[in-house]
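Student: based on what follows, work out the 3D shape:
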Amino acid sequence: MSRIGKQPIAIPSGVDVTIDGSNIGVKGPKGALALVTPVNITVTQTGDELLVTRPDDERRNRALHGLTRSLVSNMVVGVSVGFKRDLEIVGIGYRCIAQGPAKLELQVGFSHSVPVVAPDGVTFEVPAPNRISVLGIDKQLVGQVAADIRKVRKPEPYKGKGIRYADERVLRKAGKSAK
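Tutor: Take a look at the predicted model:
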């Protein structure tokens, strides 16, 4: 049995869950999300808990059991608390300028500034010129937007300049050695 899949999902107060066959909708104070579960996986609600079950121990059903439980759990956490991914800009003259809650302008060593527009459901915060916070209720979307921003200028291994995750450790290489 899946160790992740068999754990119940606690529903906090203020979150409404609707189950209609294979469609699951979660609505909370931050927004609403929906998910279509795989064919053989069932989600049931008992009181203030959700339980994800599978019909048998087939390989495909075992694989989808824990995945579905994680996706539903992330939906519940997203609509109640939300997700946040922090990025850090390292480099002389590298900075970020906020142009509203859903638009950024990055200046990261190119001859031009790079505009970044957030998709629906994602907002940006810029607490400092070298820090960016990506906020949203959909964990996958927040992570993808953060990865796209990082891709603009990945951290390079010699000086460590670029855009990195706040908890990322960049391995540094030794430069050329003079004779």
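
Student: and this protein, split by domain according to the record?
Tutor: 9-80, 83-165 (automatic domain parsing).

Student: now do the end-to-end distance for the shortest one.
Tutor: Which is domain 9-80. Taking Cα to Cα, to the nearest Å as the measure, domain 9-80 stretches 13 Å from start to finish.

Student: mind putting the domains of the chain in a markdown table, mean pLDDT included?
Tutor: Supplementary listing: the domains of the chain in a markdown table, determined by pLDDT from 0 to 100:
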| stretch | mean pLDDT |
| --- | --- |
| domain 9-80 | 94 |
| domain 83-165 | 95 |
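
Student: just checking: what are the partner strands of the strand or helix carrying residue 27?
Tutor: Per DSSP states H and E: residue 27 is located in strand 23-28. When sheet partners are counted by DSSP bridges, strand 23-28 sits next to strand 16-20 (antiparallel), strand 31-36 (antiparallel).

Student: report the buried residues of it.
Tutor: 24, 26-28 (16 or more other Cβ atoms under 10 Å). Just so you know, the C-beta spots here come from the backbone N, C-alpha and C atoms, and that holds for glycine as well.

Student: what residues does that strand touch?
Tutor: Strand 23-28 is contacted from outside by 12, 14-18, 32-37, 43, 72, 75-76, 78-80, using Cβ atoms under 8 Å, 6 or more residues apart in numbering.

Student: export that strand as PDB, just CAs?
Tutor: The C-alpha trace of strand 23-28 is given here as PDB (Å, rounded to 0.1, in the frame of the first residue of the first chain):
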ATOM      1  CA  ASN A  23     -14.300  15.600 -10.800                       C
ATOM      2  CA  ILE A  24     -13.000  17.200  -7.600                       C
ATOM      3  CA  GLY A  25     -13.500  20.900  -6.800                       C
ATOM      4  CA  VAL A  26     -11.800  22.700  -3.900                       C
ATOM      5  CA  LYS A  27     -12.900  26.200  -2.900                       C
ATOM      6  CA  GLY A  28     -11.400  28.300  -0.200                       C
END
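
Student: run the chain-centre distance for it.
Tutor: 18 Å (Cα atoms, centre = their mean, to the nearest Å).

Student: got the contact list for residue 35?
Tutor: Residue 35 sits in contact with 23-26, 71-72, 75, where contact means Cβ under 8 Å, 6+ apart.
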